[in-house]
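Enquirer: Sequence first, then the predicted structure, then my questions.
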Amino acid sequence: MSVVKIQGNASGTGEFTIAAPNSNTNRTLTLPDNTGTIVTTGSTAGVSQTMLASGLAGTGPAFSATRSASQTPSGATWTKVQFSTEEYDTANCYDPTTNYRFTPNVAGYYLITAIVETNASSLTGTAIYKNGSAYRRSWASNPGAAASAVISTIVYMNGTTDYVEAYVYQNNTSALYTNSLDYEFSGCLVRAA
């Protein structure tokens, strides 16, 4: 049988009292089966990232991808953008080669951003698709020879089957610019479910 041992500190002179709350209900305090320091609301040391679970914001999945290859969208229709170069992918949740989609492995709310610059001389838009359907769209305010459309939104994803992709719309069939600085598809967990 395990026992609870209270051990004083030979260098200290303070007296510590364990006080019960004003309650009419029996309670059990279960000690963790590891060594460590208990953090309280009065603690001056902060909680470190390593002390957080993997499903919490700050340790959840995050990715960023850009474009490096030429792509010519179909005119006057929504076309998936091939963000083929990963800048980072902390949990291996982004597919840069086949589906160009982010499928996070932690359920929660994700901040998703897409930036696309086109050669369109008129209407230009960018959209976030969730599970193959349009979720949010944004239109360029001043379309021209080089039009950029930016979208940023928070999306709930279940951590198993939900995924997001970035799409572009332009009236003509001009190739997208290839400068990777003009493109981004990124996301990160901002709040666990």
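Expert: Structure's in. What do you need? Numbers count the residues shown, from 1 in each chain.

Enquirer: Distance-wise, check Ala62 relative to Thr35.
Expert: For Ala62, the distance to Thr35 (C-beta to C-beta, to the nearest Å) stands at 31 Å. Heads up, the C-betas are built off the backbone N, CA and C, glycines and all.

Enquirer: who's more crowded, the two?
Expert: Between Ala62 and Thr35, Ala62 has the larger neighbour count (other C-beta atoms under 10 Å), namely 22 against 5.

Enquirer: Please name the residues that touch the spatially closest residue to the more buried one that is not a sequence neighbour.
Expert: What sits nearest to Ala62 in space, not counting adjacent residues and going by C-beta to C-beta, 6 or more residues apart in numbering, is Cys188, at 3.8 Å. Cys188 sits next to Ala57, Gly60, Pro61, Ala62, Phe63, Tyr110, Leu111 when contact means C-beta atoms under 8 Å, 6 or more residues apart in numbering.

Enquirer: Report the spatially closest residue to the third one, excluding sequence-adjacent ones.
Expert: The shortest distance from Pro61 to any non-neighbouring residue, by C-beta to C-beta, 6+ apart, is to Ala91 (3.9 Å).

Enquirer: if I look at that neighbour, how far off is Gly187?
Expert: To Gly187, Ala91 is 11 Å away according to C-beta to C-beta.

Enquirer: what's the answer for Tyr135, then?
Expert: For Tyr135 relative to Gly187 (C-beta to C-beta), the value is 12 Å.

Enquirer: okay, those two: which has more neighbours?
Expert: Taking neighbours as other C-beta under 10 Å, Tyr135 and Gly187 compare with Gly187 leading, 26 against 16.

Enquirer: any common contacting residues for Tyr135 and Gly187?
Expert: Here Tyr135 and Gly187 have Val164 as joint contacts, going by C-beta under 8 Å, 6+ apart.

Enquirer: coming back round to it: quick one: which of the contacts of Cys188 has the most company?
Expert: Gly60 (26 neighbours).

Enquirer: Apart from its neighbours in sequence, what residue is nearest that residue?
Expert: For Gly60, ignoring the flanking residues on the chain, the nearest one in space by C-beta to C-beta, 6+ apart is Leu189 at 2.9 Å.

Enquirer: Just the strands from the protein, written as ranges.
Expert: For the chain, applying DSSP state E gives strands covering 62-66, 77-80, 85-89, 94-95, 101-102, 108-118, 124-130, 133-139, 147-157, 164-170, 184-192.

Enquirer: tell me, what's touching Ala91 and Gly187 both at once?
Expert: What both Ala91 and Gly187 touch, as defined by C-beta under 8 Å, 6+ apart, is the set Pro61, Ala62, Pro104.

Enquirer: now these in TSV, with pLDDT and distance to Thr98?
Expert: As requested, the shared contacts of Ala91 and Gly187 are arranged in TSV below (pLDDT from 0 to 100; distance: C-beta to C-beta, whole Å):
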residue	pLDDT	distance to Thr98
Pro61	95	18
Ala62	97	21
Pro104	98	17
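
Enquirer: Cheers, nothing more for now.
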